[in-house]
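Participant: here is my input; please provide its structure:
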Amino acid sequence: MDDGIFPISAYELFEAVAPKCNDFFIASKPHSLKFVKYIPVKFVHKLSFINPLFLKSLEQYDFVVLHSLNLFNRQLVQHSDPSRVTFVWIGMGFDYYDLIFESAESLLLDKTREIAAGARNGQPRWRWFLKQLLPLPLSSFIATKRNAIKRNAIKKIHYFSPVLENEHKLVKRKCEPPFPSYIPWNYSSNAKIIDRDCALENTVMGRNILLGNSATPTNNHIEIIDFLSHIDLYGKKIICPLSYGNQKYADFIIKYADNKLGEGFVPIRDFLPLEDYTSLISNCSIVIMNHVRQQGVGNADAMLAKGAKVFLREENPLFQLYKSKGIKVFKIQDLEADPSLLFEDMAKKALENNKKILKQFRGMEIKITMTKNLIEQCCASKSRIR
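Facilitator: All right, here's what the predicted structure looks like:
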């Protein structure tokens, strides 16, 4: 259930395991979908969550998958009977990080926080001015009320699969019981690419640096641009994806980086086909993701599969997950203390080990297995509540 775009991998995985047994819904007026071409989508009204007939129709399914806990999906859960409908919440990050962190600003480093405040984070002017008129206690009350509504919806969900398995505990700590059980499953549009690249020798073809994954302040670009501006990069280019996110923020980053790094900074402003994009970033042997939260997981996975050296912040749950799996990644904090780490190649054995482990928990085979297990577990749960 989604009001946006289904990752194609979700359709492929569910259809591979249970062909012609799945229905895909979008809560929206019927319209032409730009990226979804061959999925048989059914459009439902945005107020379907108060339609008794639609709610009753959900009981025919073994389970209902929620693609994020957006507003429609929260309302759908709230108006449904959890004793008759099994809900599976596939978290996307944006839909639960407001529960883990006290505020959005806590995801930003100092300089980026100042810039983001000045850029208004791309909000419509009227909304930004309205927020300035709200006294802080009232603004805090609204956020608290919104999160309380979300927490109440979560109590009626049976299973929750966040982007990273270790995030389940992080969200659970912030919610009162009952809390949905963990079920391992997540989207992976590049699983086939990971399988391909993990089976090859290192496929990075250049010595450039990939910085961040999007035009969002949570990338904390400013701090890394400042850091790199004081280092002799010996001709390395800084490849920076800015094709989606806040384009006013992207404009600022490009201007800022041009002043600090000159022609060494290469922004990506256009959306590219997946194969073209992976080919472009194959020129990067180093990846720097300066996020406090998990973000750009697909990019990090793809670059590890290619044999790149990846730097993440120590507090990032993605860094912690990789380390727990035995994957060799590096701390940005260590890089800041010792810039020579940029120029030290990883041992061949470490690169091979990264590929082996990554394929085991990100490749297509495990995705198929996870999908089978999810279906079996949810069907068993449905039988119990019946």
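
Participant: quick check: mean pLDDT of the lengthiest strand in the chain?
Facilitator: The longest strand of the chain (DSSP state E) is strand 284-289. With pLDDT averaged residue by residue, strand 284-289 scores 97.

Participant: residues near the residue lying closest to Leu58 once chain neighbours are set aside, how many?
Facilitator: Closest residue to Leu58 apart from its sequence neighbours, by Cβ to Cβ, 6 or more residues apart in numbering: Val85 at 4.9 Å. In short, each C-beta sits where N, CA and C put it, glycine included. Counted with other Cβ atoms under 10 Å, residues neighbouring Val85 total 21.

Participant: could you double-check that Val85 sits in contact with Asp62?
Facilitator: No: counting by Cβ atoms under 8 Å, Val85 stays clear of Asp62, with 10.0 Å between them.

Participant: and the gap between the residue nearest to Leu58 and Asp232?
Facilitator: 60 Å (Cβ to Cβ, to the nearest Å).

Participant: show me which residues of the longest strand of the chain are buried.
Facilitator: Cys284, Ser285, Ile286, Val287, Ile288, Met289 (16 or more other Cβ atoms under 10 Å).

Participant: under the pLDDT cut-off, which ranges of this structure? List them.
Facilitator: In the predicted model of the chain, residues 1-9, 118-145, 382-386 satisfy pLDDT under 70.

Participant: flag every buried residue along the helix ranked longest in it.
Facilitator: Using DSSP state H, we find that the single longest helix of the chain is helix 364-385. Neighbour counts over helix 364-385 (16+ other Cβ under 10 Å) mark Met364, Lys367, Met370, Thr371, Leu374, Ile375, Gln377, Cys378, Ser381, Lys382 as buried.

Participant: contacting residues for the fourth one?
Facilitator: This points to Thr371. Leu13, Phe14, Ala16, Val17, Trp185 (Cβ atoms under 8 Å, 6 or more residues apart in numbering).

Participant: make a ChimeraX selection of the buried ones in the residues you listed.
Facilitator: Buried members of the contacts of Thr371, defined by 16+ other Cβ under 10 Å, are picked up in ChimeraX with:
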select :13,14,17,185
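
Participant: which of the contacts of Thr371 fall in helices?
Facilitator: Using DSSP H, these in helices are Leu13, Phe14, Ala16, Val17.

Participant: could you look up the SS state of the residue nearest to the second one when sequence neighbours are not counted?
Facilitator: Distances taken as Cβ to Cβ, 6+ apart put Asn22 closest to Phe14, at 4.9 Å, once the chain neighbours are dropped. Using DSSP: H, G, I helix; E, B strand; the rest coil, the secondary structure recorded for Asn22 is coil.

Participant: give me the neighbour count for Asn22.
Facilitator: 16.

Participant: if I look at it, how far off is Tyr61?
Facilitator: Taking Cβ to Cβ, one finds Asn22 at 9 Å from Tyr61.

Participant: what about Phe25, is that helix, strand or coil?
Facilitator: strand.

Participant: pretty sure it sits against Val41.
Facilitator: Yes: in this structure Phe25 lies within contact range of Val41 using Cβ under 8 Å: 7.3 Å.

Participant: and these two? Which one has more around it.
Facilitator: Neighbour count, other Cβ under 10 Å: between Phe25 and Val41, Phe25 has more, with 21 against 17.
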